[in-house]
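[1] give me a 3D structure for the following:
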Amino acid sequence: MFKDCLEDANRNVSCIAACPDQSSGRFFVGYANLHFQGGSAKAFEGAQSQQTTSYIWDINERNTPVTQIMAQSPITAAAFQPKNPDLLCVGYYNGQVGYYDLRMSKSTGDIGKLYPCT
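    Prediction:
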């Protein structure tokens with residue numbers, strides 16, 4: 001079992017993406033409380049202040065994530081680039097899209113360029 005490293009965060013898994021390079025054993029897990037589904041403005045405001053850390057895990061190492069991604073907003077969708085498994089494209093709770101080059105750092109901030117959704 002792979003457990004959220006933030007013990008008291010009380011958040012759900014919002015997305016999972018498997019790395020196309022199967023020999024790496026990597027997969028991404030995004031976490032978010034999807035309060036917008038409740039429909040109230042107060043719930044949406046609370047969701048904007050939630051913890052935004054997500055992780056890249058290795059199937060062979062369950063105790064510690066390989067990479068920690070500190071996003072600007074909770075990640076609700078993700079996919080690896082099929083021809084370059086070091087690129088991860090994500091959709092944020094706030095409606096933006098970003099990408100991460102996982103070769104840049106083991107513990108990343110927002111290292112990808114952000115593009116607004118249209």
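
[2] so the nearest residue to Phe2 once chain neighbours are set aside versus Pro65, what's the distance?
    Take Phe2 and drop its neighbours on the chain: the residue closest to it by C-beta to C-beta, 6 or more residues apart in numbering is Trp57, 5.2 Å away. All C-beta spots, glycine's among them, are computed from the backbone N, C-alpha and C. In this view, Trp57 and Pro65 are 5 Å apart by C-beta to C-beta, to the nearest Å.

[3] same check, this time on Tyr92
    19 Å.

[4] and if you look at Ser73?
    Separation of Ser73 from Pro65 (C-beta to C-beta) stands at 19 Å.

[5] what does Gly30 give?
    12 Å.

[6] the two: which is more packed in?
    For Gly30 and Pro65, the more surrounded residue by other C-beta atoms under 10 Å is Gly30, and the numbers stand at 26 against 22.

[7] so the more buried one versus Ser54, what's the distance?
    4 Å.

[8] name the residues of the longest strand seen in the chain that come out as buried.
    Criterion DSSP state E: the longest strand present in the chain is strand 84-92. Of the residues in strand 84-92, 85, 87-92 count as buried by neighbour count, 16 or more other C-beta atoms under 10 Å.
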